[in-house]
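Q: what follows is a predicted structure for the sequence shown.
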Amino acid sequence: MSIELHFAQTPAMPSLLLRAAIARKSGASSTVPAISASLARLDVSAAKLRRYNQVCGFTDDIDVLPATYPHIAAFSLHMEMLLHKAFPFSPMGIIHTRNRIEQRRPIALGEPLSLKASIHSSREVAAGLEVDILTEAQAAGETVWTDLTTVLKRGKGKAAGTKKRGPMSEFEHSQTWELASNLGRRYASVSGDYNPIHLFPASARLLGFKRHIAHGMWSKARCLAALQPELNAEAFAIDVEFKTPLFLPASVRLMHSMTDGEIPFSLRNAQGNRPHLNGTLTAL
């Protein structure tokens, strides 16, 4: 039996994070139910979009939404599904491992959009249980944007042999960014994701981190802002795999190459020998 959740407005992230902090689930079952969550209309504030663009490095143009922007509303729908009593474990401690966004065409600011997210599939892997969450944005019945988010619940999983790490990819171009200590708080103010691991060193240490870390979706958005002008395509897909935490403050290097219709890239530490994320930006 499937579970359907319906929302007239975007669920508020602060209350979702509070519910997640106090949620207690046994986690005894690995059976992931069929749950979906829909948002009747996504309303985007021009002022909030402008601040998002500034934090993530996009241009000041707010006529269209960056491809990563609808994920903010999608994330709150994801949280509602993961917090549902039928879902077997708490979202706290779940790790965001991969994300793929497809922009079928540019989305104009003010264009009426609806969102629908659903738990798409799950599987046991060596590190535990992976869950895929698929989100679609529609305008006038047309699917204009999709988001496939993969999260991991650590556990025993399937037995697997030791996976050897291959040599790191080489890239033709690179640029260096200096990331301030307050980056997590700035991104939280536009995304609504006030997870304590992103805010302050002390709050992150309470959850087992040595310092606070940048949001993974900020890293993805910042890479897109830098690389999208080089792709020069209105329809594209951007795939990323999150690798290691990006502790703040930090100096990082965006490294990339350019092929016909595709840009492979990696966001690494200042020395270029530890990836925070690897990805590909591809014209559709």
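A: Arrived safely, thanks for sending. This is a predicted model, so every value here is computed, not measured. Residues are numbered from 1 along each chain as shown.
Q: okay, CA-based contacts and neighbour counts for the rest of this
A: Noted.
Q: mind checking how far the longest helix along the chain is from the chain centre?
A: As assigned by DSSP state H, the longest helix anywhere in the chain is helix 216-231. Chain-centre distance of helix 216-231: 12 Å, with Cα atoms, centre = their mean, to the nearest Å.
Q: report the buried residues of it.
A: 216-225, 227-228, 231 (16 or more other Cα atoms under 10 Å).
Q: let me see the contact set for residue 231.
A: 261, 262, 263, 281, 282, 283 (Cα atoms under 8 Å, 6 or more residues apart in numbering).
Q: follow-up on the earlier one: next secondary structure after the longest helix of the chain?
A: strand 236-242 (DSSP states H and E).
Q: just want the angle from that next one to helix 216-231.
A: Relative orientation of strand 236-242 and helix 216-231, computed by axes from the mean of the first three to the mean of the last three Cα atoms, to 10 degrees: 140 degrees.
Q: and strand 236-242, which strands flank it?
A: strand 95-103 (antiparallel), strand 275-283 (antiparallel) (DSSP bridges).
Q: can I get those in CSV with mean neighbour count and mean pLDDT?
A: Below are those laid out as CSV (neighbours: other Cα atoms under 10 Å; pLDDT from 0 to 100):
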stretch, mean neighbour count, mean pLDDT
strand 95-103, 20, 97
strand 275-283, 21, 98
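Q: tabulate those strands (CSV), appending distance to residue 118.
A: Shown next, in CSV, are the strands paired with strand 236-242 (distance: least, Cα to Cα, whole Å):
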stretch, distance to residue 118
strand 95-103, 15
strand 275-283, 24
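Q: mind checking which of those strands is nearest residue 129?
A: Among the strands paired with strand 236-242, the nearest to residue 129 by Cα to Cα is strand 95-103 (10.5 Å).
Q: what about the closest one, distance to the chain center?
A: With Cα atoms, centre = their mean, you get 6 Å for strand 95-103.
Q: check contacts around the residue nearest the centre of the chain.
A: Centrality entry for the chain: nearest residue to the mean C-alpha point is residue 217, 3.9 Å, by Cα atoms, centre = their mean. Residues near residue 217 by Cα under 8 Å, 6+ apart: residue 68.
Q: which parts of the worst-scoring helix or strand of the chain on mean pLDDT are buried?
A: Lowest mean confidence among the helices and strands of the chain (mean pLDDT, DSSP states H and E): helix 13-22, at a mean of 87. Across helix 13-22, burial judged by 16+ other Cα under 10 Å covers 13, 16, 17, 19, 20.
Q: tell me the spacing between residue 256 and residue 185.
A: Distance, residue 256 to residue 185, using Cα to Cα, to the nearest Å: 28 Å.
Q: again with residue 87
A: 29 Å.
Q: mind listing the strands for the stretch 101-250 of the chain?
A: Taking DSSP state E, counting those that start in this stretch as the test, the strands found in the stretch 101-250 of the chain are 114-125, 128-139, 142-154, 173-179, 236-242, 250-256.
Q: what's the offset of the longest one from the middle of its chain?
A: What it means is strand 142-154. 9 Å.
Q: direction included, what does that strand pair against?
A: If you go by DSSP bridges, strand 142-154 pairs up with strand 95-103 (antiparallel), strand 128-139 (antiparallel).
Q: that strand to strand 114-125, inter-axis angle?
A: Angle of strand 142-154 versus strand 114-125, following the same axes, to 10 degrees, is 30 degrees.
Q: buried set for strand 142-154?
A: 143, 144, 145, 146, 147, 148, 149, 150, 151, 152, 153.
Q: ok, the third one - contacts?
A: It refers to residue 145. 67, 101, 102, 103, 104, 105, 136, 137, 138.
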